[in-house]
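Student: Dropping a prediction and its sequence here:
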Amino acid sequence: MFTIISFTNCQNIIFLEFEHLTNIVMKTIHKTYKFRVYPNTTQEILLNKTFGCNRFIYNRMLTERKETYEKLKDNKEALRAYMYTTEKMYKQEFPWLSEVDSISLQQSRIDLETAYKNYFDSITGKRKGRKINYPKYKSKKETRQTYRTLRVNTNISIKFENKKIKLPKLKWIKYSDDRIFNGDIRNVTVEKTSTGKYFACILVEENIDTKIHQVSSQSKCIGLDMDMKKFYTDNKGVTADYPRFYRKNEKKLAKEQRRLSRKVKCSNNRNKQRIRVARVHEKIVNSRKDFQNKISTTLVENYDVIGVETLNMQAMSQCLNLGKSVMDNAWGCFVNMLEYKCDWYGKHLVFADKYYASSKMCNVCGYKNVELSLSEREWDCPICGTYHLRDKNAGINLMNFAKEKLGISTVGTTGIYASGEEETQVTSLKEEIFI
C-alpha cells in the first residue's frame, strides 16, 4: 500500500510504503527442494568418485586428529598450536583428488570440524538434547552416500524449462520435478539412496511476505493429543485416521528380509535382494512423509492457533512394547513440520509442558483425576459429573492451554478445583509410563 505525502516547501512528492493493520512482514527463509536427478554413465562414475573422495578426506583427517591427540595429549599448548593437513595439501599428495569438486572436499573438512564441536559442546553441556558421540569413520557400505557443494558465481544454476541443473564438474544433469522457485541457491547436497537413486537437495534463500495472525476471540484454535493408533485426536474428537504404513507393509518387509538372509554374502543376488528390501523401507518412509505433509499443511491453513504436548518420544518407544507404534507414527517429524509451517504462514504453535496433565484434567471444572490409568479410555468427573472421552478431553485441554498462553479468554476454571482446592502438579499419562 502506498500513501502520497506532500510538503509545502518541497517540490518533490515523496512516496512512502508502510505496513497496514494486516501485519504483513517480509521474512527470509531457507527452503530445500529435493529433485530426483538422472545422471548419464559418465556423470554417475564421477558422482561415485566424488562420494569416495569426500569419504577419504573425512576419514584421513579424522585419523590425523586421533593420532595427533595421542602424541600431544600431555602437551596442551603444542596440541592447540598444531597445524593439521588441509584438503589442498592432500591434493598434492593424492593427485586423483583433483578429479572431483574441490568445494565438496572443503565441506568434508567443515563437517568433521562441526562433528567435533557438537561432541565437545554435548559433553560440556553447551549443546542441549541427546548426547552426541565421538566422530566415527565413514564407510563405503553405508546405504546413504552424500556430498555438499556451495554456489560460487555461476558454478550452480538451473533451467526450469529444460528441467536441467548444472553442478560443478558434472555440468548439466536432467531432473524430474515441476516445482519452480525464485530464490537464490545457497548450496546443493547430492545424495545417493540405498535403492541406487540420485537426488539433488537444493537449499534456496527466499523472501516471503508473511501475514502474522493477531490472536483474538475469533481465532480458530485446535488442540492435538497424540493417539498411538489414529495418530492424533483433536478437541472435537476427530482423528487423523493414520494408515500405519509400517504395520501395513510389515509382512512384506519380513518376507523380503528372510530372502535376504539366505543369500550368499558379497554375491550379486544378495545385492539385488538388498535393494528390494530397501525399496520397501523407502515406500514406507515416503508414504509417511506424504501423509504428514498433507495433514500438517491442512491444519496450518485452517487454524490460527494449534496446541500440542511436549513428549519424550525416545523414552516412550523403549517401554510397554510401544517401539514399533511410536516409530511408525514419527510424531516428532510431524511436530517439526507444524513448527516451520506455522512460521511461514504466521500462525501460532503452542507447546504444553511435559508434566501438563491433559488427559487427567477435567476441561470443565479443572479437577485432576490422579488415579486415571493408561488403559482407561473414558471417565466421569466426580466433581461436576461430566463424561469424558480421554483423548477428546486431552485435545480440549491442550486447546484451552494454548488460548490461555496467548491471552485468549477461555470458559471454565484452570488451576483451581471446583471444590476450591489448589492445583497440584500431576504427571500426564504419557509421561508416567517412563518416569
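Tutor: Cool, the structure landed.

Student: contacting residues for the closest residue to Arg377 other than its chain neighbours?
Tutor: Closest residue to Arg377 apart from its sequence neighbours, by Cβ to Cβ, 6 or more residues apart in numbering: Arg390 at 5.1 Å. C-beta: built from backbone N, CA, C; applies to glycine. Counting by Cβ atoms under 8 Å, 6 or more residues apart in numbering, Arg390 touches 359, 372, 376-379, 429.

Student: and Arg390, what are its phi and psi?
Tutor: Dihedral pair for Arg390: phi -60, psi -50, per degrees, to the nearest 10.

Student: Arg186 belongs to a strand?
Tutor: Yes: assessed with DSSP: H, G, I helix; E, B strand; the rest coil, Arg186 lies in a strand.

Student: residue boundaries of the helices in the chain?
Tutor: For the chain, the helices defined by DSSP state H cover 41-72, 76-81, 87-93, 102-124, 245-248, 250-262, 268-302, 313-317, 323-329, 331-345, 390-405, 429-432.

Student: Would you tell me which one of those is buried the most?
Tutor: Across the helices of the chain, the average number of neighbours (mean count of other Cβ atoms under 10 Å) peaks for helix 390-405, which reaches a mean of 24.

Student: chain center to it: distance?
Tutor: Taking the mean of its C-alpha atoms, helix 390-405 sits 25 Å from the chain's own mean (Cα atoms, centre = their mean, to the nearest Å).

Student: Alpha carbons of stretch 161-177, as PDB, please.
Tutor: Output in PDB follows, covering the C-alpha atoms of stretch 161-177 (Å, rounded to 0.1, in the frame of the first residue of the first chain):
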ATOM      1  CA  GLU A 161      12.100 -25.000 -18.900                       C
ATOM      2  CA  ASN A 162      14.500 -27.800 -19.800                       C
ATOM      3  CA  LYS A 163      14.500 -29.400 -16.400                       C
ATOM      4  CA  LYS A 164      18.300 -29.400 -16.000                       C
ATOM      5  CA  ILE A 165      20.600 -28.500 -13.200                       C
ATOM      6  CA  LYS A 166      24.200 -27.500 -13.500                       C
ATOM      7  CA  LEU A 167      26.700 -28.800 -10.900                       C
ATOM      8  CA  PRO A 168      30.400 -28.300 -10.600                       C
ATOM      9  CA  LYS A 169      32.400 -30.900 -12.600                       C
ATOM     10  CA  LEU A 170      29.200 -32.600 -13.700                       C
ATOM     11  CA  LYS A 171      27.800 -29.900 -16.000                       C
ATOM     12  CA  TRP A 172      24.100 -30.300 -16.800                       C
ATOM     13  CA  ILE A 173      22.100 -33.100 -15.300                       C
ATOM     14  CA  LYS A 174      18.500 -33.900 -16.100                       C
ATOM     15  CA  TYR A 175      16.000 -33.800 -13.200                       C
ATOM     16  CA  SER A 176      12.300 -34.700 -12.700                       C
ATOM     17  CA  ASP A 177      10.100 -32.200 -10.900                       C
END
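
Student: Sort out which residues of it are buried, please.
Tutor: The neighbour-count check on stretch 161-177 (16 or more other Cβ atoms under 10 Å) flags 163, 165, 167-170, 173, 175 as buried.

Student: Need the residues that contact that stretch.
Tutor: Identification of contacts with stretch 161-177 by Cβ under 8 Å, 6+ apart yields 33, 35-39, 43, 46-47, 50, 99-101, 103-104, 149, 155-159, 188, 190, 200, 202.

Student: ok, now stretch 273-287?
Tutor: 143, 193-196, 243, 245-246, 249, 252-253, 256-257, 259-260, 263.

Student: Quick check: the farthest pair among those?
Tutor: Across those, the longest distance by Cβ to Cβ is 30.8 Å; it joins Pro243 and Lys263.

Student: tell me the contacts of the residue lying closest to Thr86 once chain neighbours are set aside?
Tutor: Leaving aside its chain neighbours, Thr86 sits nearest to Arg109 (7.2 Å; criterion: Cβ to Cβ, 6+ apart). By Cβ under 8 Å, 6+ apart, the residues touching Arg109 are 57-58, 61, 86-87.

Student: Looking at the residues you listed, which is nearest Asn271?
Tutor: Looking across the contacts of Arg109 and measuring by Cβ to Cβ, the closest to Asn271 is Tyr58, at 24.6 Å.

Student: of all the contacts of Arg109, which comes closest to Ser296?
Tutor: The closest of the contacts of Arg109, once distances to Ser296 are taken by Cβ to Cβ, is Tyr58, at 34.6 Å.

Student: pretty sure the closest one is touching Leu112, no?
Tutor: Yes: using Cβ atoms under 8 Å, Tyr58 makes contact with Leu112 at a distance of 5.7 Å.

Student: Got the phi and psi for Tyr355?
Tutor: phi -100, psi 10.

Student: how much space is there between it and Leu311?
Tutor: The gap separating Tyr355 from Leu311 is 11 Å, by Cβ to Cβ, to the nearest Å.

Student: Just want to know which of the two has more residues nearby.
Tutor: It is Leu311, of Tyr355 and Leu311, that has more neighbours when counted by other Cβ atoms under 10 Å, with 19 against 13.

Student: Tell me if I'm right that the more buried one and Phe334 touch.
Tutor: No: using Cβ under 8 Å, Leu311 is not in contact with Phe334; the gap is 11.3 Å.

Student: For Ile29, grab the count of nearby residues.
Tutor: As a burial measure, Ile29 scores 14 neighbours (other Cβ under 10 Å).

Student: Could you pull up the contacting residues of it?
Tutor: Ile29 touches 205-206, 208, 343-344, counting by Cβ under 8 Å, 6+ apart.
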